[in-house]
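>>> dropping a prediction and its sequence here:
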Amino acid sequence: MTAHGMYESGPGQAAGGGDPQAARTHLSAAGLRARGWTAGMVRQLLGEPDLLRANPHVRSSPPTRLYRVERVETAERSDAFRAVAATAARRSAAARSAARRRRREVLTRITAEPIDVPRLTPQRLTALAVEHRNRQDEERTYTATVEGADPSELDRWKVDYLRHRLTRYDELLSGLHGTTGRAAAEELLRRRLYAAITEAYPLLAQECERRLAAVRR
């Protein structure tokens, strides 16, 4: 049943890989997902593919698996498909619910967590910031110094140093998956960290605001 040696199309082309007949009569894994199939459902109800298409762009990649539309539609009319699809839907809903709960928990922790910014004298903060700058960029041909930096540059180095000292708070994001939920949590944490730096060192407020504005753009 499986045929070899025919080529898959490039991105945006039909699943048949330049073969209009195969494109009309077969579905790829992506096409099956669009119809509500999961990988487990494919394995359980369809088994082996009806066609394999080699990838002409990446020869070492696995061949594309294609399934006859008629066989897919027959499976979709079966009681077994309805039962498996219902189970998959319940699991998906449960996973989404768990992700939303985890996001709420992380946001609550970020909101409640006290942020302890080290309080240093201006001279000590400047010295540590320059030292941190030199450690971060050891490949430069010159060494940064307080005398050789302008005030705005020193402010950047100071915030870099303080942010480095506060990286432990990034652990609050651990276990949070999903771009939307993680993005919101990262934004909240970022705002709280820079607000805490600004409170401890009001002269760094402009640099903190600059960084927040750069992320928003």
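Structure's in. What do you need?

>>> can you list the domains in this protein?
Domain assignment for the chain by automatic domain parsing gives 6-77, 100-216.

>>> closest to V84 out of those domains?
Among those, domain 6-77 comes nearest to V84, with 5.2 Å by CB to CB. Where you see a C-beta, it was placed from the backbone N, CA and C, and this is true even at glycine.

>>> please pull out the lowest mean pLDDT helix or strand from the protein.
strand 6-7 (a mean of 34; mean pLDDT, DSSP states H and E).

>>> which residues sit in contact with S92?
If you count contacts by CB atoms under 8 Å, 6 or more residues apart in numbering, S92 has none.

>>> rerun that using 10 Å as the cut-off
Residues near S92 by CB atoms under 10 Å, 6 or more residues apart in numbering: G36, T38.

>>> number of nearby residues for R133?
21 (other CB atoms under 10 Å).

>>> that one sits in which helix or strand?
R133 is part of helix 122-136, with elements assigned from DSSP states H and E.

>>> what is that helix packed up against?
Judged by 3 or more CB pairs under 10 Å, 6 or more residues apart in numbering; DSSP states H and E, helix 122-136 is in contact with helix 151-165.

>>> and after the helix it packs on, which helix or strand comes next?
Downstream of helix 151-165 (by DSSP H and E), the next one is helix 179-200.

>>> in the helix or strand just after that following helix, what's buried?
The element immediately downstream of helix 179-200 (helix or strand, assigned by DSSP H and E) is helix 205-216. Across helix 205-216, burial judged by 16 or more other CB atoms under 10 Å covers E207, C208, R211, L212.

>>> residues in contact with the most far-flung residue of the chain relative to its centre?
Distance from the C-alpha centroid of the chain peaks at E147, with 41.0 Å (CA atoms, centre = their mean). By CB under 10 Å, 6+ apart, the contact set of E147 is V130.

>>> helix/strand/coil for it?
Under DSSP: H, G, I helix; E, B strand; the rest coil, E147 falls in the coil class.

>>> next, it: phi, psi?
phi -70, psi -30 (degrees, to the nearest 10).

>>> what distance do you get for it to L32?
66 Å (CB to CB, to the nearest Å).

>>> ok so, going back, distance to A89 for the domains of the chain - can I get that in TSV?
Below are the domains of the chain laid out as TSV (distance: least, CB to CB, whole Å):
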stretch	distance to A89
domain 6-77	8
domain 100-216	17
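
>>> out of the ones you listed, which gets the lowest mean score?
Ranked by mean pLDDT, those end with domain 6-77 at the bottom, a mean of 78.

>>> count the neighbours of the nearest residue to R182 once chain neighbours are set aside for me.
Spatial nearest neighbour of R182, excluding adjacent residues (CB to CB, 6 or more residues apart in numbering): L176 at 5.0 Å. By the criterion of other CB under 10 Å, L176 has 19 neighbours.

>>> V106 is in contact with L176, correct?
Yes. Counting by CB atoms under 10 Å, L176 touches V106, with 5.0 Å between them.
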